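1. quick one: sequence and predicted model below, then my questions.
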Amino acid sequence: MKQQEINKLSLEDLKSRLADFKKQYSSLKLTHKMAPIENPLRIRGMRKVIARLSSELTKRSNQA
């Protein structure tokens, strides 16, 4: 997800997307520990998306 897409999301969408990405991230890491996945850079990309979503959520909560 790009930052522009994240900025357009509502607060509820941010929370749900963050929960979804965290769930996907944990399952991807577990899969990678058992057997290497084809593209391990997906793990890094997902971590960055989670960080972007968390940052935007924090920014919005501090503004309110």
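-> Thanks, I have it. Residues are numbered from 1 along each chain as shown.
2. tell me who's in contact with the most centrally placed residue in the chain.
-> Most central in the chain under C-alpha atoms, centre = their mean is residue 50, positioned 2.6 Å from the mean C-alpha point. Each residue near residue 50 by C-beta atoms under 8 Å, 6 or more residues apart in numbering is listed here: 18, 21, 22, 25. C-beta here means a position set from N, CA and C on the backbone, and glycine is covered the same way.
3. pull the contacting residues for the second one.
-> So the one you mean is residue 21. 46, 49, 50, 53.
4. what's the burial count for the closest residue to the second one other than its chain neighbours?
-> With sequence-adjacent residues excluded and distances taken as C-beta to C-beta, 6 or more residues apart in numbering, residue 49 is closest to residue 1, at 5.2 Å. Summarising burial for residue 1: neighbours were counted as other C-beta atoms under 10 Å, giving 14.
5. residue 17 too?
-> So residue 17, with other C-beta under 10 Å, has 19 neighbours.
6. before we move on, the earlier item: narrow the contacts of residue 50 to those in helices?
-> 18, 21, 22, 25 (DSSP state H).
7. and the third one, what's its pLDDT?
-> Yep, that's residue 22 we're talking about. The model reports residue 22 with a pLDDT of 98.
8. can you pull the contacts of residue 58?
-> With contact set as C-beta under 8 Å, 6+ apart, residue 58 has no partners.
9. SS state for it?
-> helix (DSSP: H, G, I helix; E, B strand; the rest coil).
10. please tell me how far it sits from residue 29.
-> Using C-beta to C-beta, to the nearest Å, we find residue 58 at a distance of 23 Å from residue 29.
11. follow-up on the earlier one: in the helix or strand hosting the residue nearest to the centre of the chain, what counts as buried?
-> In this assignment (DSSP states H and E), residue 50 forms part of helix 41-63. Using 16 or more other C-beta atoms under 10 Å as the test for burial, helix 41-63 gives 46, 49, 50, 52, 53, 56, 57.
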